[in-house]
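Enquirer: All I have is the shape, not the residue letters:
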């Protein structure tokens, strides 16, 4: 049964599987990290990626970035943890790993990259300290050389969420920022309509960056 679910997952672009995960295959032309307080106007998917440093909405978004990153070829250097995951995209290729020099290489090729917790690396769970309470945890993931956005459709503990990623045979997965104020995101459905998930009616202008799939 699990193999059948996985096969369906790889065929369908958008799928909520029996494990309670929302799985969205990313058919992209470009991947960017947009430094902004506000959602991009268009794209296939846009969600928070890097952490935001504080709740001062008066600061410019580039001054609210917690970790180093590269956006549209510009490298933003920050004091970052010694051992943290890296995702980069340039020359039409993506890469998961731990080499922070990827951010420099991405900048030289007008690409993007960001630092975040690596949740899965080479099919193995990595140790991550995060919220104990259930959340709509989410990752940018690699399955069979394809990129996916995967989220806990119903709130899960982080450990349960990571275990479900292992069941799906995710090769690599990097964390995407979430929590109240950051968990809202949009994606394009099968009718090419923009759908916002976890939207809140309260203004929350503290975001600093977005992973934008185009």
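Expert: Happy to help now that I have it. Please read all numbers here as calculations on a predicted model, not as lab measurements.

Enquirer: Wasn't residue 159 part of a strand?
Expert: No. Counting by DSSP: H, G, I helix; E, B strand; the rest coil, one finds residue 159 to be helix, located in no strand.

Enquirer: And it, how close does it get to residue 122?
Expert: Counting by CB to CB, to the nearest Å, the gap from residue 159 to residue 122 is 19 Å. Every residue, glycine included, has its C-beta placed from N, CA and C.

Enquirer: what's the host helix or strand of residue 86 in contact with?
Expert: Assigned by DSSP states H and E, residue 86 falls within strand 85-90. By CB atoms under 8 Å, 6 or more residues apart in numbering, the residues outside strand 85-90 that reach it are 31, 70, 94-100, 102-103, 105-106, 109-119, 121, 126, 140, 174-175.

Enquirer: isn't residue 37 right next to residue 209, touching?
Expert: No. Applying CB atoms under 8 Å, one finds residue 37 not in contact with residue 209, separated by 9.2 Å.

Enquirer: who's more crowded, those two?
Expert: residue 209 (25 against 17; other CB atoms under 10 Å).

Enquirer: Who is the more buried one paired with across the strands?
Expert: residue 35 (DSSP bridges).

Enquirer: Could you find the closest non-adjacent residue to the residue sitting nearest the centre point of the chain?
Expert: Geometric centre of the chain, nearest residue: residue 176, 3.6 Å, by CA atoms, centre = their mean. Nearest residue to residue 176, sequence neighbours excluded (CB to CB, 6 or more residues apart in numbering): residue 138, at 4.7 Å.

Enquirer: Could you do residue 162 as well?
Expert: residue 125 (5.1 Å).

Enquirer: For residue 166, see how far away the one you found is.
Expert: Using CB to CB, we find residue 125 at a distance of 6 Å from residue 166.

Enquirer: rewinding a little: now, the contacts of strand 85-90 that are in helices?
Expert: Judged by DSSP state H, helices contain the following of the contacts of strand 85-90: 102, 103, 105, 106.

Enquirer: of all the residues you listed, which two lie farthest apart?
Expert: The span of these, defined through CB to CB, is set by 103 and 105 at 7.4 Å.

Enquirer: Could you check which of these two is surrounded by more residues?
Expert: Legend: neighbour count by other CB under 10 Å for residue 103 and residue 105, higher for residue 103 (24 against 17).
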